[in-house]
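> show me the folded form of this:
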Amino acid sequence: MSDDGRVLGSGELGAEPGERATLVQFSTAFCQPCRATRRILAEVADLVPGVAHIEVDAEQQLALVRELEIQRTPTVLVLNAEGRIIRRATGQPRKADVIAALGAAV
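Next up is the predicted model:
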């Protein structure tokens, strides 16, 4: 499932989405790749104006995890300005891939 057209907002995410795009990271406490993913996404969000990075604790948001069919952590969703899911990736992303995915969102 890559683009289900689902729109996510601050109610589901627990934080305000970015003005231009949002990087949503589903993580768990003991996930090693999640730590590196957090750093990469935070760096990209700092580089690109109007982009927010929101980390969601998968264990605390089980209903959302099930609804979005998140199978493993880290899972990263790229949302456009309207909060629509336009990209999905699992595993630790490369910074260049995140920037390229954002290009489709902004």
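> centroid residue for the protein?
Compute the mean C-alpha point of the chain, and by Cα atoms, centre = their mean the closest residue is V24, 1.8 Å away.
> measure stretch 7-20 end to end?
14 Å (Cα to Cα, to the nearest Å).
> show me which positions of that stretch end up buried.
Across stretch 7-20, burial judged by 16 or more other Cβ atoms under 10 Å covers 8, 12-13, 17-18. The C-beta positions use only the backbone N, C-alpha and C, and glycine is treated the same way.
> stretch 71-79 now?
Quick answer for stretch 71-79 (16+ other Cβ under 10 Å): 73-79.
> thinking again about what came up before, is the residue nearest to the centre of the chain in a helix, a strand, or coil?
Here V24 is recorded as strand under DSSP: H, G, I helix; E, B strand; the rest coil.
> thinking it is in contact with I54, fair?
Yes. Using Cβ atoms under 8 Å, V24 makes contact with I54 at a distance of 5.2 Å.
> now for these two: what residues contact both?
Common neighbours of V24 and I54, using Cβ atoms under 8 Å, 6 or more residues apart in numbering, are L13.
> re the thing from before, can the buried residues of stretch 71-79 go into JSON lines with extra columns for secondary structure?
JSON lines is the format used below for the buried residues of stretch 71-79 (three-state DSSP):
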{"residue": "T73", "secondary structure": "coil"}
{"residue": "P74", "secondary structure": "coil"}
{"residue": "T75", "secondary structure": "strand"}
{"residue": "V76", "secondary structure": "strand"}
{"residue": "L77", "secondary structure": "strand"}
{"residue": "V78", "secondary structure": "strand"}
{"residue": "L79", "secondary structure": "strand"}
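> okay if I get the residues you listed as a markdown table plus distance to G91 and pLDDT?
Below are the buried residues of stretch 71-79 laid out as a markdown table (distance: Cβ to Cβ, whole Å; pLDDT from 0 to 100):
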| residue | distance to G91 | pLDDT |
| --- | --- | --- |
| T73 | 9 | 97 |
| P74 | 7 | 98 |
| T75 | 8 | 97 |
| V76 | 9 | 97 |
| L77 | 13 | 96 |
| V78 | 15 | 96 |
| L79 | 19 | 96 |
